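Colleague: only geometry, no sequence info:
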């Protein structure tokens, strides 16, 4: 086995990226279930690319990307962090995303602006619950990806089981371009099926070099079989390669890479690699695959959007020469002004220019521009098409806003965030801190669109809402530790919703006549519980013959929406209501816009009286535990109103998948620890909202009213 000089140094080629050469740009995200090794993979990437000189470890709390105090204390990623590096002449922007379901919004907004992604899987655990969630998010935004099966050196690692789960559970087409040599403690390297070479990773090398050799005779038949399968998948995307494959001729390396790249960009196949990031094994080949198989901005279609305040579509080419267009996808609120992360889609963003915010219709002045490396900042004069960076000091630009050239406006599609599922009351310990707490909460809401806060009009208490218990716990810790505001909190509560139970028609009369000009509005509205876009109120104008003058119809809609938003007697948000205004009466003197607005609000109150069905969040729960505890786990889930949908095996563990109301899942972690002697784990995510059983709904409504 030989070792070349270049292999000893292990350094990437050092030629610089050409300015404006968009084909040499990659914008990627690292995504996975919690503890699959995303942050460790990112740390090794930065080390290999010589962006950092030593690697930190998640368990030691000293990684580059997990820089928040809460992240280092808990050993998990809480917020996405951006960095960049160069590899083989390519500029690579990287976003390391969280793996816990409570912080799925960080993945959502990152994938919205990224061109490609590396999905990291634990070779022992396989495809886990959050792996499915982030994969679906990537599907939704059309993000091509590759897979890195990590932790091949752990006890129980199984490459082929993981590949099979990617196929069956994610409905993907994984195509291994590497296969492992050995597993668990015997994992020592990979066979590259594209080049038909063996790459081995000596432990003492720590990623600095690898050993290259030809495939040995005892592994050759297996390698040829899997190469044949890889070529069969690749040949579907290149006619020249297909001809060579059919004729059983030699297939050149560059042609194979070209075909695999074409399939990956169309998301019709997903290249799969493997290694152990903690031991510096295989990450450099994942970086090579990023360059070879994931898209540059030029590989993607033109950016689509709408001309603001019209129904007309418009596009932008992803080049410097088109008018500037960018999206704000993340905000960090700071005392000196917001730090706003942006993705530039077209044009050149320069300092001291003015751009139109299409949401507000106002101009924003671009001050300082920086390139982010976790929490460190590098000043820049400009960001070009395809770049990801940050702007300091924007006044009214929030997550999902589009900034663009005023003369050539375009509004990009907004980012859709999931609904909050739990809430709790929060109160400052000192009344003098009330204004400060309010200011801090406003800041946290700007940073995190899934964190909500509102004052309960009936009780006057402040209620915060989020994606789970951990989510709210961390926000409360930030309020107390980072902002030095002592607060008290109530117990977590379910974020219920409500819908109308049945269709009905109602007459709303708002008439006030007591001398002089009075108020007069009469309307008939038909209410129906139907699935509406985004679950919002759908208003239908069914007026014929002028029974309600045209100028008053928008006022009726406004009143209906006010009633809808109020939450009625319970205060829970309404969903999925269609309101059709089909008749009415007016008075030539006494009728005005306010009369019809108040009549609209009255109509909704009448429709909701004794006509609501409560809805609760149902969570998709995945529990992993040893075989001997599985009966107790299933029995416990059934006692929590759970519906067990599947029981599977992964290694020596059993996996239970079930649908359980979140109301029954509070403090489940301690219950599971007791039932499995600390050997069980679980993950959950929002699946849907369902009707609450009548007896439980009556109890909830009695408490709230």
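Modeller: Okay, I see it. Everything quoted here is computed from the prediction, not taken from an experiment. Numbers count the residues shown, from 1 in each chain.
Colleague: Which of the helices or strands spans the residue nearest the centre of the chain?
Modeller: For the chain, the residue nearest the mean C-alpha position is residue 108 (2.1 Å; C-alpha atoms, centre = their mean). Secondary structure assignment for residue 108, by DSSP states H and E: helix 104-113.
Colleague: repeat for residue 334
Modeller: Under DSSP H and E, no helix or strand contains residue 334.
Colleague: Against residue 450, how distant is it?
Modeller: According to C-beta to C-beta, to the nearest Å, residue 334 stands 20 Å off from residue 450. The C-beta positions use only the backbone N, C-alpha and C, and glycine is treated the same way.
Colleague: neighbour count winner among the two?
Modeller: residue 450 (21 against 12; other C-beta atoms under 10 Å).
Colleague: State the three-state secondary structure for the closest residue to residue 636 other than its chain neighbours.
Modeller: Closest residue to residue 636 apart from its sequence neighbours, by C-beta to C-beta, 6 or more residues apart in numbering: residue 675 at 6.0 Å. Recorded secondary structure, residue 675: helix (DSSP: H, G, I helix; E, B strand; the rest coil).
Colleague: Could you do residue 444 as well?
Modeller: helix.
Colleague: gap between residue 210 and residue 44?
Modeller: 13 Å.
Colleague: more neighbours, these two?
Modeller: Using other C-beta under 10 Å as the criterion, residue 210 and residue 44 rank with residue 44 on top: 27 against 22.
Colleague: ok, the nearest residue to that one once chain neighbours are set aside to residue 77 distance?
Modeller: Using C-beta to C-beta, 6+ apart and skipping residues adjacent in sequence, the residue nearest residue 44 is residue 283, 4.3 Å away. Separation of residue 283 from residue 77 (C-beta to C-beta): 18 Å.
Colleague: ditto for residue 31
Modeller: From residue 31 to residue 77 the distance is 11 Å (C-beta to C-beta).
Colleague: what are the ranges of the strands in the stretch 251-400 of the chain?
Modeller: 270-274, 303-306, 313-316, 325-332, 338-346, 348-350, 354-357, 362-365, 368-373, 376-380, 382-384, 388-394 (DSSP state E, counting those that start in this stretch).
Colleague: what distance separates the last one from the centre of its chain?
Modeller: It stands for strand 388-394. Here strand 388-394 is found 21 Å from its chain centre; the criterion is C-alpha atoms, centre = their mean, to the nearest Å.
Colleague: Mind giving me the packing neighbours of the following helix or strand past it?
Modeller: With elements assigned by DSSP H and E, the helix or strand that comes after strand 388-394 is strand 402-404. With contacts taken as 3 or more C-beta pairs under 8 Å, 6 or more residues apart in numbering; DSSP states H and E, strand 402-404 sits against strand 325-332, strand 354-357, strand 411-412.
Colleague: Quick one: list the elements packing against the strand ranked longest in the chain.
Modeller: Longest strand of the chain, by residue count under DSSP state E: strand 612-626. Judged by 3+ C-beta pairs under 8 Å, 6+ apart, strand 612-626 is in contact with strand 497-500, helix 630-639, strand 653-661, helix 668-676, strand 681-691, helix 694-704.
Colleague: Name the stretch among the ones you listed that sits most buried.
Modeller: When the helices and strands packed on strand 612-626 are scored by mean count of other C-beta atoms under 10 Å, the highest mean neighbour count falls to strand 497-500 (a mean of 22).
Colleague: C-terminal to that strand, what's the next element?
Modeller: Tracing the chain C-terminally past strand 497-500 and defining elements by DSSP H and E, one meets strand 504-512 next.
Colleague: Not counting its neighbours along the chain, what's nearest residue 443?
Modeller: residue 333 is the one closest to residue 443 (C-beta to C-beta, 6+ apart), at 3.9 Å.
Colleague: let me fix that: residue 646
Modeller: Closest residue to residue 646 apart from its sequence neighbours, by C-beta to C-beta, 6+ apart: residue 657 at 4.4 Å.
Colleague: on that earlier part again, among the strands of the stretch 251-400 of the chain, which is nearest residue 214?
Modeller: Closest to residue 214 of the strands of the stretch 251-400 of the chain, according to C-beta to C-beta: strand 270-274, at 19.9 Å.
Colleague: what about this protein, any weak spots by pLDDT?
Modeller: Applying pLDDT under 70 to the chain flags residues 1-21, 56-68, 70-72, 74, 207, 457-459, 515-516, 703-705.
Colleague: circling back to that earlier point, the longest strand of the chain pairs with which strands, and in what direction?
Modeller: Here strand 612-626 has these sheet partners by DSSP bridges: strand 497-500 (antiparallel), strand 653-661 (antiparallel), strand 681-691 (antiparallel).
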